[in-house]
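Enquirer: Got a sequence here, can you model it:
(2 chains)
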Amino acid sequence: MANQETKQLDQIISSRRAMMTMGGAALAGLILTSTGKAQSATLTDKDVLNFALNLEYLEAQFYNLAAFGVTIDKLPTPIPVAPNASLGAAGTVTLKPSFAKVPFSNPLIADYAMETAIEEGKHVTFLQGALGSNAVSMPDIDLYTSFNTLAMAAGIGLAFDPFANDANFLIGAYIFEDVGVTAYHGAAGAITSKSILGAAAGILAVEAYHAGLIRTAINQLDAGSGALASLTQKISATRSKLANPSGTPVDDIGLTTVNVSLNASATNYPATTFVDADANSVAFARTPAQVIQIVTGGSATNKGVFFPGGLNGTIK
Amino acid sequence: MEKINEFIKKAVSRRSFMAGAGTAAAAAFLAGCNDATAPPSSAPPSGGTTTPPASKPDNDVLNFALNLEYLEAEFYLYAATGKGLSSADAGSGAGTTKVPAGIAAVPWASSGLAQYANEIAQDEVNHVRFLQKAITGNGGMPVSRPDIDLTFFAPLAVAAGITTTPTFNPFAGPSPFLIGAFVFEDVGVTAYHGAAGLLAEKTILGAAAGILGVEAYHAAAIRTLLVGMAAATSDQTYVDIANKVSALRATLGGGNETTLTSKSIVAADTTNAIAFARMTDQVLHIVYGATGAGLSKGGFFPSGLNGTIKATAS
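Expert: Down below sits the predicted model:
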């Protein structure tokens, strides 16, 4: 991401997002000076789809391991992790010693995990099919020390095992889902083909369904204790800081209660922030560079945490 | 890149076909996926006095979305507060909103649902305001709130086979509220997804994609709450009712539905796990509560939508 053109692209996208967060007046001004056409110069649709494929590999592995206890290439109907051998061998998935799937106690949460696992697997298959001979292999993925590192960074503790129980699984899922939404949203502006854009928008929506599902399930499980909500706030704050090292803008909101004014009434109504969105209630967008900083833990080399060897493809 | 386009066209075509949308809808969707940015062909001759000058095709689509946001905002605001949009938010010359007799905020009791309703209500108000400003900023004129009928839930429930007489009132309690919300949320997702192919300006497209995301957050919450409450009470009544709503939407809106269970919270096609998209005609059929060409009003919009995308072409 270091070349000059890419930096300019990042600046265009991030400044647009910042303006949008500021409100409609700023948006109005920006629409008049839209520079959307300039974005296609640096990234091809293939690059963007392969970037998305890396993220889908990560999500699919996490959920399938949580729900079924196996990596996607070991499912009854295996999903290939090296669809094109000429583009490199598949990486490895790092798990804790004596790994086992989540011992779910709530059958609803087990169902949620299975559904999400199946859907993320389909996203991998869809993107591999769309990319054909250009689909990259799965990079190295770490689902063990990564969570421990993030837990320390977020101030949650010295270690965190997302496969330990229902609540930990939901928190592990929380780490990924909102990021998927922001990644597809941020990539939308770089996609040139209308049909690919339509598919990407549809995947964005499914990631948002997942995120809404996970946030609602966490909120219901929390049942007023606030313990899990506190964890989501720490994770959101960490993601925002990794995406925006200067501290602004803040582009992530954990589960909490805020007062809203609704229809200009003087009364304040308490609302649960189960939607991760800006002041206009528009979902946040992040550039690929920002997303990579989140999934690699702010690494200067874009290698670390969930992707210890970095991503595969041109956007890395 | 050509190969990718072909693959996705095939995938989208197959998905539409499997969802029961038929070849016409599939063809319409693919037409919407072309790079051409012509305005929607379903735009009727203007017959009303509220049709604004639309300088750009994107504004027609944004005004279409604005009508839907007015509907959602009215529903959630009445549920949360017993009142609708402020006159400032409804726009000058706004239509009237018909509500059930004795309307008041939903009696939430200790259901814990009020905080979800308040969040969604604020989001929908924000969407109304955001779209109004975006249209103005794009050199257009945002339409005002059209006439809205929030008593239409009652005949809709009869049509869906939920009740035999038109008595269903989504403001009567927390569970009926979830059904009322269910009527709208997945439709919003399909509408924005379908509209994405119609938008030309990248900045506007980005904003629409962000609203699409928020509608999907809402839809997921409503679906998760319905399933969760059914499990907690060992009573599937309201999940079954929601699925009757879903079946009616499928009949009106060209398929594009996923039966709600604890194993299928997400509404998406079963092949690729990609959310459904509906063309404007399909969305109009749902909110007007009827199928067929030449429809320009009915259901939740007794005087029709405001703007150029108003009448069904199919």
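
Enquirer: What is the burial count for residue 128?
Expert: No chain was given, so I picked chain A. A:Gln128 has 23 neighbours, counted by other Cβ atoms under 10 Å in any protein chain shown. Heads up, the C-betas are built off the backbone N, CA and C, glycines and all.

Enquirer: if you could check chain B rather than the one you did, that'd help
Expert: Counted with other Cβ under 10 Å, B:Val128 comes out at 24.

Enquirer: ranges for the strands of the chain?
Expert: I went with chain A, as the question did not name one. Here chain A has its strands, by DSSP state E, at A:93-94, A:141-142, A:257-260, A:269-272.

Enquirer: try again with chain B
Expert: For chain B, strands defined by DSSP E occupy the ranges B:97-98, B:148-149.

Enquirer: most packed of these?
Expert: Of all these, strand B:148-149 carries the top mean neighbour count, a mean of 24, counting by mean count of other Cβ atoms under 10 Å in any protein chain shown.

Enquirer: picking that back up, may I see the strands of chain A arranged in JSON lines, with mean pLDDT and mean neighbour count as well?
Expert: Formatted as JSON lines, the strands of chain A follow (pLDDT from 0 to 100; neighbours: other Cβ atoms under 10 Å in any protein chain shown):
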{"stretch": "strand A:93-94", "mean pLDDT": "98", "mean neighbour count": "18"}
{"stretch": "strand A:141-142", "mean pLDDT": "98", "mean neighbour count": "24"}
{"stretch": "strand A:257-260", "mean pLDDT": "94", "mean neighbour count": "15"}
{"stretch": "strand A:269-272", "mean pLDDT": "94", "mean neighbour count": "20"}
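
Enquirer: that older thread, want to throw the strands of chain B into CSV with mean pLDDT and distance to B:Ile135?
Expert: CSV is the format used below for the strands of chain B (pLDDT from 0 to 100; distance: least, Cβ to Cβ, whole Å):
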stretch, mean pLDDT, distance to B:Ile135
strand B:97-98, 98, 21
strand B:148-149, 98, 19
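
Enquirer: To chain A, which of these lies closest?
Expert: Nearest of the strands of chain B to chain A, taken as Cβ to the nearest Cβ: strand B:97-98 at 11.8 Å.

Enquirer: Now look at that closest one and say if it contacts chain A.
Expert: No - on the criterion Cβ under 8 Å from any Cβ of the partner chain, strand B:97-98 is out of touch with chain A, staying 11.8 Å away.

Enquirer: just to revisit the earlier point, Serialize the strands of chain B to CSV and add fields for distance to B:Gly161.
Expert: Below are these laid out as CSV (distance: least, Cβ to Cβ, whole Å):
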stretch, distance to B:Gly161
strand B:97-98, 24
strand B:148-149, 21
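
Enquirer: Tell me which of the ones you listed lies nearest to B:Glu72.
Expert: strand B:148-149 (10.2 Å; Cβ to Cβ).

Enquirer: Could you point out the longest helix of the chain?
Expert: By default, I'm working from chain A. helix A:194-222 (DSSP state H).

Enquirer: Not quite, go with chain B.
Expert: When chain B is parsed with DSSP H, its longest helix is helix B:202-233.

Enquirer: how far is that helix from where the chain is centred?
Expert: Centroid separation for helix B:202-233 versus its chain: 12 Å, with Cα atoms, centre = their mean, to the nearest Å.

Enquirer: if we can go back for a sec, packing partners for the longest helix of chain A?
Expert: Contacting helix A:194-222 under the criterion 3 or more Cβ pairs under 8 Å, 6 or more residues apart in numbering or on different chains; DSSP states H and E are the following elements: helix A:45-68, helix A:107-131, helix A:166-188, helix A:227-243, helix B:2-18, helix B:22-32, helix B:174-196, helix B:202-233.
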